[in-house]
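K.L.:
fold the following and give me the result.
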Amino acid sequence: MTIPVRLEIQAEARPTQNPALSQGLSPCTMPCNPDTGTQLSAAELAFRIFAAFRAHSHINNVLTHISGANWTQVEHALEAILDQATTGDRLSPLAQNIVDLVCAERGITGRILKPYFQAALYRLLESSRAERLIRHIEMLFFEIELKAEHPAFAPSAPSTETGHE
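P.N.:
Next up, the predicted model:
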């Protein structure tokens, strides 16, 4: 599958009208499984995003490389990223790398992956839920960037001491 990409256009988080970006993704106007009408679990959403990534030749190659060809780890990383309870300090190095690819728009892969990922979310979820997930992932990215630039500001593990004797 070939995805035409115009790099001169700034990617925005909006539903895609480009059939090439949404090819293979089933439309869903609500946060549901279009096959059964039930709400998608985080694991099911992660699997569908995982499948969309596998279907794209360039994204597939990049994720194969950064995961050491361990696609089980990619799926687990996606589950963690899509879990809104996850914080940046709880992400694996692979998940942090995926968040960077999805948010930073660095290089060719970032410019391809960000709009492709967002289009997949909009095709699989209700638009408000997709937007919440995109904001959550952007916050993960900012946490990771802050930790990398200022390690002293990184969130520390919660203390088990109460301060009472």
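
K.L.:
and G88, how far is that from A95?
P.N.:
The gap separating G88 from A95 is 9 Å, by CB to CB, to the nearest Å. Backbone N, C-alpha and C define where each C-beta goes, glycine included.

K.L.:
repeat that for R129.
P.N.:
Distance of R129 to A95, computed by CB to CB: 20 Å.

K.L.:
for the two, indicate the residue with more neighbours.
P.N.:
Between R129 and A95, A95 has the larger neighbour count (other CB atoms under 10 Å), namely 22 against 18.

K.L.:
mind telling me what element the spatially closest residue to the more buried one that is not a sequence neighbour is part of?
P.N.:
Distance criterion CB to CB, 6 or more residues apart in numbering; nearest residue to A95, sequence neighbours excluded, is A77 at 3.8 Å. Using DSSP states H and E, A77 maps to helix 71-82.

K.L.:
tell me which other helices or strands that helix touches.
P.N.:
Counting by 3 or more CB pairs under 8 Å, 6 or more residues apart in numbering; DSSP states H and E, the packing neighbours recorded for helix 71-82 are helix 42-55, helix 57-66, helix 93-103, helix 127-149.

K.L.:
residues of the last one that come out buried?
P.N.:
Translated: helix 127-149. Of the residues in helix 127-149, 129-131, 133-134, 136-137, 140-141, 143-145, 147 count as buried by neighbour count, 16 or more other CB atoms under 10 Å.

K.L.:
helices or strands next to it in the packing?
P.N.:
Other elements packing on helix 127-149 under the criterion 3+ CB pairs under 8 Å, 6+ apart are helix 71-82, helix 93-103, helix 107-124.

K.L.:
hang on, the earlier thing: and the angle from the helix holding A77 to helix 107-124?
P.N.:
Comparing the axes of helix 71-82 and helix 107-124 via axes from the mean of the first three to the mean of the last three CA atoms, to 10 degrees yields an angle of 70 degrees.

K.L.:
what is the rounded mean pLDDT of helix 71-82?
P.N.:
Looking at helix 71-82 alone, the average pLDDT works out to 94.
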